[in-house]
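K.L.:
Please find the sequence and the predicted model below.
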Amino acid sequence: MPRPILTLLVFATVLASRATSADDWSRFRGPDGSGASAAKGLALTWEDGKNVLWEAKLPGRGASSIIIVGKRAFVTCYSGYGLDRNEPGKQGDLKLHVLCYDALGGKQLWDQSISSDATVQGYGRFVALHGYASSTPASDGKVVYAYFGANGLLAYDLEGKLLWRKKLGQKTHFFGTANSPVLHENVVIVNAGVESGQLVGLDKKTGKVLWEAGGIKSSWNTPTLVKAKNGRIEVIVNTKGKLRAYDPKTGTELWTCSAINDYICPSVISHDGTIYAIGGRGATAVAVRAGGKGEVEPLWKTSAGSNVSSPVYFKEHLYWVSDKGIAHCLDAKSGKIVYQERLKGTGRVYASVLLAEERLYAVSREKGTWVLAAQPEFKQLAHNVFESDRSVFNGSPAILGSTIYLRSDEKIYCIGKGEKKSRL
């Protein structure tokens, strides 16, 4: 075979292999958005100098979570404005970054940024709790998609080349924005409820808007793809007053269900065709069967919830730690509260729990990570703190192999069983 043809075949094989694999943590809360991982051999405890394989400083702050594609870690942050509550600087200096790191060694591979050219909420109040880079990227193994609210959705190839940028509305809110994109076949789906009041489906390759669905009110949660018992794929978004299900290819509304009459931050999860939603200041949890039509009725509704963090499902139970630092366990069939236990000294919790090895990893904003047993009896297994990093931890954990990835406003951490190899 001629060398040029052989070279082209090898190159094509490499490109084909870039599609996401089952091991990739390719979006917010993992490949299916459940927050659950089948990983084994994870560290139970860590601290400065113990079970930290590497750490790397970030060029700015952010509340987004890390995603893993192949052997690369991607994350977003912001710089230039909003780093100091007393002296935030000038909005015109705000830069929005998408960063790529070697997931195994911690070396920064690239840092691509854009200057904000849209009006953003001034730094203060609720925006100061999470900043301007709160949406977690998503990837199909070839392209990384990152959302920055009124500054739009950006698509980068794995080498950091900007492929396209699309703005999805110019409105802002004093909560800021936090919704992350999800992918289905050739569609990238974004909850642009803050910016335009719509759920939007775009062509992954070009950024062309394929469909828009209105009525997305008071919704800060990331859409979730759910497979109903009848085999139908639905994209679910939780809005004030209603759970809404859409066809991810066309944006056609499939069904709605009266749910939580408040603004909604937690994303829904599903198991075996049943959708579980929590949220609202009134603390409410709801279960709904996917696959319906028109207005459907909930299976159950319970007075227990979370204002920010999302739940996980494990062995017929739901688990989460609320923003107030209260660990919850509910019977998933009935909605009955099994336990509610306050974690001592947690402060606020904005990150969503990670389920792995029958453990719950709950990251607090400023008081470290709690590890709980994923069982219907409350049991604390560990409490892990980085004494050297007193910045805020808002990102939810990510997984690659037997390692856990955390991000704070200052650093990325790769946590595993082994000796530290710092990238400071």
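P.N.:
Looks like it arrived, so ask away. Residues are numbered from 1 along each chain as shown.
K.L.:
In this model residue 164 seems to touch residue 155, though I could be wrong.
P.N.:
Yes: using CB atoms under 8 Å, residue 155 and residue 164 qualify as a contacting pair, with a distance of 5.0 Å. Heads up, the C-betas are built off the backbone N, CA and C, glycines and all.
K.L.:
more crowded one of these two?
P.N.:
Ranked by neighbour count (other CB atoms under 10 Å), residue 155 and residue 164 place residue 155 first, with 23 against 18.
K.L.:
what's the closest non-adjacent residue to that one?
P.N.:
Nearest residue to residue 155 in three dimensions, chain neighbours excluded: residue 163, at 4.4 Å (CB to CB, 6 or more residues apart in numbering).
K.L.:
now swap in residue 249 and tell me
P.N.:
Once flanking residues are discounted, residue 249 sits nearest to residue 187: 6.5 Å by CB to CB, 6+ apart.
K.L.:
Hmm, residue 250 and the one you found touching each other?
P.N.:
No: assessed by CB under 8 Å, residue 187 is found out of contact with residue 250, at 9.3 Å.
K.L.:
So for those two, which residues contact both of them?
P.N.:
When contacts are counted by CB atoms under 8 Å, 6 or more residues apart in numbering, residue 187 and residue 250 have 201, 210 as shared neighbours.
K.L.:
quick one, which of these two is more surrounded?
P.N.:
Comparing residue 187 with residue 250 by other CB under 10 Å, the one with more neighbours is residue 187, at 19 against 12.
K.L.:
Can you pull out the low-pLDDT segments for the stretch 301-424 of the chain?
P.N.:
Scanning the stretch 301-424 of the chain for pLDDT under 70 picks out the ranges 419-424.
K.L.:
Give me the common contacts of residue 155 and residue 164.
P.N.:
Counting by CB under 8 Å, 6+ apart, the shared contacts of residue 155 and residue 164 are residue 207.
K.L.:
Next, the contact list for residue 324, please.
P.N.:
Per CB under 8 Å, 6+ apart, neighbours of residue 324: 307, 342, 348-349.
K.L.:
oh, I was asking about residue 58
P.N.:
Neighbours of residue 58 in contact, by CB under 8 Å, 6+ apart: 75, 77, 99, 407, 409-412.
K.L.:
6 Å instead, please
P.N.:
Contact analysis of residue 58 by CB atoms under 6 Å, 6 or more residues apart in numbering lists residue 77.
K.L.:
how close does it sit to residue 70?
P.N.:
Computed as CB to CB, to the nearest Å, the residue 58 to residue 70 distance reads 21 Å.
K.L.:
Dig out what residue 295 forms beta bridges with.
P.N.:
Residue 295 has these beta-bridge partners by DSSP bridges: residue 256.
K.L.:
Tell me how many other residues crowd it.
P.N.:
The burial count for residue 295: 10, using other CB under 10 Å.
K.L.:
Just the element for residue 383, please.
P.N.:
strand 380-384 (DSSP states H and E).
K.L.:
which parts of that strand are buried?
P.N.:
For strand 380-384, a neighbour-count test (16 or more other CB atoms under 10 Å) marks 383-384 as buried.
K.L.:
how far does that strand sit from the chain's center?
P.N.:
23 Å (CA atoms, centre = their mean, to the nearest Å).
K.L.:
can you list contacts of it?
P.N.:
With CB under 6 Å, 6+ apart, strand 380-384 has contacts from 44-46, 368-373.
K.L.:
Pipe those residues into CSV and attach distance to residue 81 per row.
P.N.:
Formatted as CSV, the contacts of strand 380-384 follow (distance: CB to CB, whole Å):
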residue, distance to residue 81
44, 39
45, 37
46, 33
368, 29
369, 29
370, 33
371, 36
372, 37
373, 42
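K.L.:
Now go through those residues and say which are in strands.
P.N.:
Using DSSP state E, the members of the contacts of strand 380-384 that fall in strands are 369-373.
K.L.:
ok, so what distance separates the closest residue to residue 364 other than its chain neighbours from residue 130?
P.N.:
Spatial nearest neighbour of residue 364, excluding adjacent residues (CB to CB, 6+ apart): residue 346 at 4.5 Å. Distance, residue 346 to residue 130, by CB to CB: 17 Å.
K.L.:
again, but for residue 188
P.N.:
Counting by CB to CB, the gap from residue 188 to residue 130 is 22 Å.
K.L.:
swap in residue 90?
P.N.:
From residue 90 to residue 130 the distance is 20 Å (CB to CB).
K.L.:
Alright, I will stop here.
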